[in-house]
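> Next comes the sequence, and after it the predicted model I'd like to discuss.
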Amino acid sequence: MESFVGLSGPSNQDLESPLASDPIPDSLPPEAAEGNVEYKLKLINPSQSRLEHLVTQMKWRLREGQGEAIYEIGVDDGGTLVGLCELEMDASMKTLYLMADKLGASINILREQMITGESDLTPRKVTEKKENDVSDNQSNRPFHGQVLIRKVPDDQQSIEIRVAVLGNTDVGKSTLLGVLTQGDMDNGHGSARLNVFRHLHEVRTGRTSSISCEILGFSSSGCPLTYNTFYTAEDIYDHATKLITFIDLAGHQKYMRVTVCGLTGHSPHFALLVVSAVTGVAGTTKEHLGLALALGVPIVVVVNKVDLASTYMLQQTRHQVEDLLKGPGCKKACFYVECVDDAYGAVSMLISGNVAPVFSVSCVSGIGIDLLYAFLNVIPPSISVKEKERLIQLPNEFQIDETFRLSDVGIVVGGLLTQGIIKEGDSTSVGPLEDGSFFPVKITSIHRHKTPCRVVRAGESATLALAGCQNINIRKGMVLANFNSHPPVCQFFQAQINLLFHTGLITSGFQTTVHIGNVRQTATLVKIMGNKSLATNDKGTVIFRFMKQPECVRPGAQLLFREGRTKGIGQVTQVFQF
Ligand SMILES: Nc1nc2c(ncn2[C@@H]2O[C@H](COP(=O)(O)OP(=O)(O)OP(=O)(O)O)[C@@H](O)[C@H]2O)c(=O)[nH]1
């Protein structure tokens with residue numbers, strides 16, 4: 001484990017010269033056998049058997065991308081942008097439409113660009129003339145096409161991505177979500193954020209204190225579906241082939257606990273780290289970045305409020321962001337997204353892990369918002385299809401992070417299904433109770449995004465109405481699981497930790513708030529293996545004991561702990577079954 005930027009205490013980051021952003025590559029990396037990206041040099045007049053093979057291949061790429069595949073046309077397997085003349089490109093696109101049509105998939109042309117030479121802007125000639133070449137009598141202008149193919153898997157309503165929104169207080173996180181999901185600009189005085197707030201005191205103070213989720217849909221042609229055109233979340237959910245769920249988190253230090261819970265409990269695929277162009281990297285920015293990195297959540301930076309910043313200010317902020325991202329534990333280069341092509345290119349860079357895309361936007365003038373939409377339309381889930389399928393095969397486990405008692409429905413719980421599949425009408429059990437036991441319950445109805453549905457699969461969040469548990473005290477941190485599958489309930493667990501910051505030494509008896517998934521509880525450090533104490537940056541194997549009730553914790557789960565300025569991260573290595 002490395003020490004993480006922003007979680008390693010209050011020391012100042014080293015301010016060296018800014019890291020230059022990487023130039024856009026002239027060729028693509030070689031085609032990967034796995035994944036959802038396929039390179040095709042050309043697709044001209046295929047025979048029937050070749051067409052069938054191409055359709056099977058497209059189906060496979062769509063499965064790899066969990067419903068989305070990217071086709072790069074005019075590119076050879078090695079990644080060289082060879083290019084096609086206009087007629088070849090048209091013929092290839094016709095074949096691509098035919099292939100997609102056979103699968104009932106939609107096609108969205110992301111870009112069709114002319115390939116130019118490296119040193120000058122002269123279009124590169126297609127040098128090789130193949131047997132099937134139809135380029136005669138055509139201009140030799142070679143094109144490269146990038147196409148998004150989308151087919152929502154039969155057992156899903158839409159392709160879903162969860163995006164956490166992080167950043168210091170007042171940088172415009174709630175406003176940005178308001179603008180993206182409502183489709184209307186802000187007035188600079190908080191008009192756009194009103195729909196995102198959950199509590200009256202948030203409306204009064206303008207400060208987020210709780211976690212709120214907002215959805216943004218995309219149609220199969222890539223159009224954003226917002227409340228500007230749809231009245232309800234249900235309408236958006238019904239019409240979207242892709243759905244982004246934003247998790248708006250609190251920026252103020254006072255609500256850091258809520259922010260940590262949102263990150264650990266909602267398992268976001270990506271995080272938008274919002275920075276104000278005016279105030280730069282300030283307040284909780286570093287700590288939020290550190291939290292996301294510790295949990296392995298890929299980061300996209302959004303520099304907001306560019307309408308208020310002078311060119312000098314914006315440059316200063318960009319330099320600060322570059323310094324922050326190249327710091328220890330992060331080590332990423334910035335990629336500034338300036339046009340739609342960059343927005344699409346930023347996706348593969350984000351996935352490579354070494355680069356963080358940086359958008360510059362204004363929620364008031366609307367600058368850069370279209371680029372964010374373009375990017376969000378094409379981001380893929382950050383877990384592989386194999387991992388998703390593995391999780392679906394496991395016994396059910398639904399992590400509860402919200403509970404409600406509704407007069408007409410009874411007890412309703414909200415949370416994330418981390419493994420397995422649950423269906424309406426299933427019998428399961430809820431726990432652990434104070435004595436570590438589970439209590440049988442029935443799932444009477446399921447809602448996703450305020451819409452009724454019958455099935456939830458691993459990786460999806462939902463709200464479930466439960467019957468048979470009126471007298472049970474259901475709390476956040478509990479799980480729904482089939483008791484026969486022996487969910488790992490423990491009071492004591494072992495973890496490998498990295499103490500990121502503490503003013504002195506921690507020894508046995510030290511108490512801290514531990515976050516593991518939806519679990520948040522004070523725990524006592526009862527033993528440090530092979531050592532008496534740990535200081536800042538020390539790593540060690542320790543045993544924790546939950547102070548109150550036992551919890552359901554799985555070996556391998558990531559762990560965060562904090563108490564005042566003390567911070568640490570780690571991984572559960574063993575649980576001592578209750
Ligand atoms: N001029 C301008 N003002 C903006 C922009 N984005 C947000 N604001 C204003 O900035 C203020 C703070 O915005 P919020 O969305 O509440 O900020 P936040 O990051 O969610 O703050 P917390 O909830 O405390 O974490 C509001 O008055 C917004 O109108 C922008 O791009 N330009």
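Great, that's in hand.

> how near is Ser278 to the ligand?
No, residue 278 isn't Ser; it's Val. Separation of Val278 from the ligand (C-beta to the nearest ligand atom, to the nearest Å) stands at 9 Å. (C-beta placed from N, C-alpha, C; glycine too.)

> Could you confirm that residue falls within a strand?
No: counting by DSSP: H, G, I helix; E, B strand; the rest coil, Val278 is not part of a strand but coil.

> any idea how far it lies from Cys469?
For Val278, the distance to Cys469 equals 50 Å [C-beta to C-beta, to the nearest Å].

> Once you drop chain neighbours, what's closest to Val171?
Sequence neighbours aside, Ser276 is the residue nearest to Val171 in space, at 4.2 Å (criterion: C-beta to C-beta, 6 or more residues apart in numbering).

> If the one you found is in a bridge, with which residues?
According to DSSP bridges, the partner residues bridging Ser276 are Gly280, Asn304.

> Just the pLDDT at the closest residue to Ser461 other than its chain neighbours, thanks.
With sequence-adjacent residues excluded and distances taken as C-beta to C-beta, 6+ apart, Ser461 is closest to Leu416, at 4.8 Å. Per-residue pLDDT puts Leu416 at 93.

> One more: Lys254?
75.

> My reading is that it is in a strand; is that accurate?
No: under the criterion used here (three-state DSSP), Lys254 is helix, not part of a strand.

> check contacts around it.
Listed by C-beta atoms under 8 Å, 6 or more residues apart in numbering, Lys254 has no contact partners.

> Please apply the same query to Asp426.
Residues in contact with Asp426 (C-beta under 8 Å, 6+ apart) are 396, 442-443.

> Make TSV out of those residues and add pLDDT.
Formatted as TSV, the contacts of Asp426 follow (pLDDT from 0 to 100):
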residue	pLDDT
Asn396	94
Lys442	95
Ile443	96
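
> Reformat those into CSV and put distance to Ser427, secondary structure and neighbour count next to each item.
Compiled in CSV, the contacts of Asp426 are given as follows (distance: C-beta to C-beta, whole Å; DSSP: H, G, I helix; E, B strand; the rest coil; neighbours: other C-beta atoms under 10 Å):
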residue, distance to Ser427, secondary structure, neighbour count
Asn396, 11, coil, 22
Lys442, 5, strand, 14
Ile443, 8, strand, 22
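
> Pick the one among those residues closest to Gly568.
Asn396 (30.8 Å; C-beta to C-beta).

> Next up, the contacts around the nearest residue in space to the closest one that is not next to it in sequence.
Nearest residue to Asn396, sequence neighbours excluded (C-beta to C-beta, 6+ apart): Gly420, at 3.4 Å. Gly420 makes contacts with 391-397, 458, as judged by C-beta under 8 Å, 6+ apart.

> Go through these and flag which are in helices.
391-393 (DSSP state H).

> May I ask which of those residues has the most neighbours?
If you count neighbours using other C-beta atoms under 10 Å, the busiest of the ones in helices among the contacts of Gly420 is Leu391, which has 18 neighbours.

> Leaving out the residues flanking it, which one is nearest to that one?
Residue nearest to Leu391 in three dimensions, not counting chain neighbours: Ala458, with 3.7 Å by C-beta to C-beta, 6+ apart.

> which residues of the stretch 51-200 of the chain fall in helices?
If DSSP state H, counting those that start in this stretch is used as the criterion, the helices of the stretch 51-200 of the chain fall at 86-103, 173-182, 200-205.

> Quick check: which of those helices is nearest to the ligand?
helix 173-182 (3.3 Å; C-beta to the nearest ligand atom).

> List the buried residues for stretch 372-391?
372-382, 384-385, 391 (16 or more other C-beta atoms under 10 Å).

> could those be laid out in a markdown table, adding pLDDT, secondary structure and distance to the ligand?
Formatted as a markdown table, the buried residues of stretch 372-391 follow (pLDDT from 0 to 100; DSSP: H, G, I helix; E, B strand; the rest coil; distance: C-beta to the nearest ligand atom, whole Å):
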| residue | pLDDT | secondary structure | distance to the ligand |
| --- | --- | --- | --- |
| Leu372 | 97 | helix | 12 |
| Tyr373 | 96 | helix | 16 |
| Ala374 | 95 | helix | 18 |
| Phe375 | 95 | helix | 17 |
| Leu376 | 96 | helix | 17 |
| Asn377 | 94 | helix | 21 |
| Val378 | 92 | helix | 24 |
| Ile379 | 91 | coil | 22 |
| Pro380 | 87 | coil | 27 |
| Pro381 | 81 | coil | 26 |
| Ser382 | 75 | coil | 24 |
| Ser384 | 82 | coil | 32 |
| Val385 | 84 | helix | 34 |
| Leu391 | 93 | helix | 32 |
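
> picking that back up, go through the helices of the stretch 51-200 of the chain and pick out the most buried.
helix 173-182 (a mean of 26; mean count of other C-beta atoms under 10 Å).

> which residues touch the residue nearest to Leu391?
Ala458 makes contact with 388, 391-392, 394, 417-421, according to C-beta under 8 Å, 6+ apart.

> how does it look with 10 Å?
By C-beta atoms under 10 Å, 6 or more residues apart in numbering, the residues touching Ala458 are 383, 387-394, 396-398, 416-422.

> what does Leu416 give?
Leu416 neighbours (C-beta under 10 Å, 6+ apart): 162, 265-267, 397-401, 456, 458-462, 517-518.

> Can you list the low-confidence ranges for the stretch 151-300 of the chain?
Applying pLDDT under 70 to the stretch 151-300 of the chain flags the ranges 195-210.

> and it, which residues reach the ligand?
For the stretch 151-300 of the chain, the contact set with the ligand under C-beta under 6 Å from any ligand atom comprises 167, 169-175, 186, 188-190, 193, 206-208, 250-252.

> Now the buried members of those.
Looks like those have 167, 169-175, 186, 188, 193, 207-208, 250-252 buried, using 16+ other C-beta under 10 Å.

> Could you find which two of those are furthest from each other?
Using C-beta to C-beta, those span at most 21.4 Å, a distance reached by Gly188 and Ala250.

> Check which helices and strands whichever strand or helix holds Ile236 is in contact with.
In this assignment (DSSP states H and E), Ile236 forms part of helix 233-239. If you count contacts as 3 or more C-beta pairs under 10 Å, 6 or more residues apart in numbering; DSSP states H and E, helix 233-239 packs onto strand 212-218, strand 224-225, strand 242-248, strand 451-453.

> does Arg111 have beta-bridge partners, and which?
Under DSSP bridges, the beta-bridge partners of Arg111 are Gln146.

> and Thr418, how many neighbours does it have?
So Thr418, with other C-beta under 10 Å, has 21 neighbours.

> Where in this protein is the helix or strand with the lowest mean pLDDT?
Sorted by mean pLDDT, DSSP states H and E, the helices and strands of the chain end with helix 200-205, the least confident at a mean of 56.

> need the residues of this protein near the ligand, please.
Taking C-beta under 6 Å from any ligand atom as the measure of proximity, the chain contacts the ligand at 167, 169-175, 186, 188-190, 193, 206-208, 250-252, 304-305, 307-308, 362-364.

> and with 5 Å instead?
Within the chain, the residues that sit near the ligand (C-beta under 5 Å from any ligand atom) are 169-175, 186, 188, 190, 193, 206-208, 251, 304-305, 308, 362-364.

> just checking, which of the residues you listed belong to strands?
Counting by DSSP state E, the members of the residues of the chain next to the ligand that fall within strands are Asn304.

> From the chain's centroid, how far away is stretch 149-157?
In terms of C-alpha atoms, centre = their mean, to the nearest Å, the centre of stretch 149-157 is found 19 Å from the chain centre.
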